[in-house]
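J.: sharing a model that was predicted from the sequence below.
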Amino acid sequence: MTGFNSIDTQRLQGCGAFLRQAREQAGLSLQDVGNRLKVPLKVLQALEAEDWAQLGAPVFIRGQLRSYAKLLKVDVDGYLAQAQLETVRPSELVSRSYTPTSHRVFESAKRKAIYVVVTAIIATPIWMATRPHLGGGQQTTASLDVMPQGSAPASSNASNGATGAEVDRPSAAPAAPYVASLTPPISRSTPALSLNFTGDSWVQIIGADGRSLEQALLKAGDQRSYEAGQVGRVVLGNASAVEVQRGGSTVDLTPYQRANVARFTVSSDGSLLPVAD
């Protein structure tokens, strides 16, 4: 009869009684044996009672029987050989799933392609929105010194052969420029332009001589100030995060703003003019 954990309990019968008899002849109690072997009493009781089901795997039973026999100086190898105690075999590791190399390469390439497509979808609208002010050389801007149609300097009368009386005579008021009411003239002694940033904004400041004065992403809290005649053209990305002041007065950027990007030129007297698209 084959018993617990592949132990032939029929052939192991008598081993427990043999150990108990040897213990008693040695004048040892279960407590004495337990203290010497550092084994719980219930294990010793199970060995002597041949209750193998309480002792675990065969390898443990064999080791406990030999330790017990060694302490008592008796031999139990005959019992162990007859019982044919089997050693514990390691569990076989069986792969439940296998992914071919080609499939792994395909999955990796697919994830990279998805990342590239998502990045392009996000980046393309941003690039298209900022493209007009990045290509500064292709923009058409109004000249700072050209007088609006309908208004001519008084000195032109003299160049056309007019008499002194005609030059001094008051002429009809010229038609006002279409943005004259937006930016009244200011004194040259005060800064022509001040920029206060309440949020991140990409800016491009071109000087009156065409040189680039500033082209960077400015952060919240940054400030820039320019004197009269210093600035020629201004581009403000995220214009809602920029406060523009002219002579200490806040300027409404609505006439110069499109898609939250403001573009305007600054004349020699500090007046602001929209940039023609």
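T.: Now that the structure is in, tell me what you want to look at.
J.: going forward, measure contacts between C-alpha atoms and count neighbours the same way
T.: Fine.
J.: can you list contacts of stretch 250-263?
T.: Stretch 250-263 is contacted from outside by 183, 233-240, 243-245, 264, 273-275, using Cα atoms under 8 Å, 6 or more residues apart in numbering.
J.: which residues in the stretch 1-150 of the chain form helices?
T.: Remark: helices assigned in the stretch 1-150 of the chain by DSSP state H, counting those that start in this stretch are 9-12, 15-25, 30-37, 41-48, 58-72, 77-83, 101-134.
J.: looking at the contacts of stretch 250-263, which is nearest Pro191?
T.: The closest of the contacts of stretch 250-263 to Pro191 turns out to be Gln245 (Cα to Cα; 9.3 Å).
J.: list the helices and strands the helix or strand hosting the closest one packs on?
T.: Element membership of Gln245, judged by DSSP states H and E, is strand 242-246. Contact analysis of strand 242-246 by 3 or more Cα pairs under 8 Å, 6 or more residues apart in numbering; DSSP states H and E lists strand 193-197 as its packing neighbours.
J.: on that earlier part again, got the helices of the stretch 1-150 of the chain as TSV, with mean neighbour count, mean pLDDT and distance to Ser201 columns?
T.: As requested, the helices of the stretch 1-150 of the chain are exported to TSV (neighbours: other Cα atoms under 10 Å; pLDDT from 0 to 100; distance: least, Cα to Cα, whole Å):
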stretch	mean neighbour count	mean pLDDT	distance to Ser201
helix 9-12	18	56	86
helix 15-25	17	87	89
helix 30-37	14	89	80
helix 41-48	18	87	79
helix 58-72	17	85	75
helix 77-83	15	73	86
helix 101-134	12	85	11
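J.: redo those as a markdown table? Include distance to Ile206.
T.: A markdown table is the format used below for these (distance: least, Cα to Cα, whole Å):
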| stretch | distance to Ile206 |
| --- | --- |
| helix 9-12 | 100 |
| helix 15-25 | 102 |
| helix 30-37 | 92 |
| helix 41-48 | 93 |
| helix 58-72 | 88 |
| helix 77-83 | 98 |
| helix 101-134 | 12 |
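J.: so which of these gets nearest Trp202?
T.: Of the helices of the stretch 1-150 of the chain, nearest to Trp202 by Cα to Cα is helix 101-134, at 9.2 Å.
J.: and the closest one, what does it pack onto?
T.: Packed next to helix 101-134, using 3+ Cα pairs under 8 Å, 6+ apart, is no helix or strand.
J.: strands along the stretch 151-277 of the chain, start to end?
T.: Secondary structure of the stretch 151-277 of the chain (DSSP state E, counting those that start in this stretch): strands located at 193-197, 201-207, 212-218, 223-226, 231-237, 242-246, 249-250, 257-258, 261-266, 272-274.
J.: much appreciated, bye for now.
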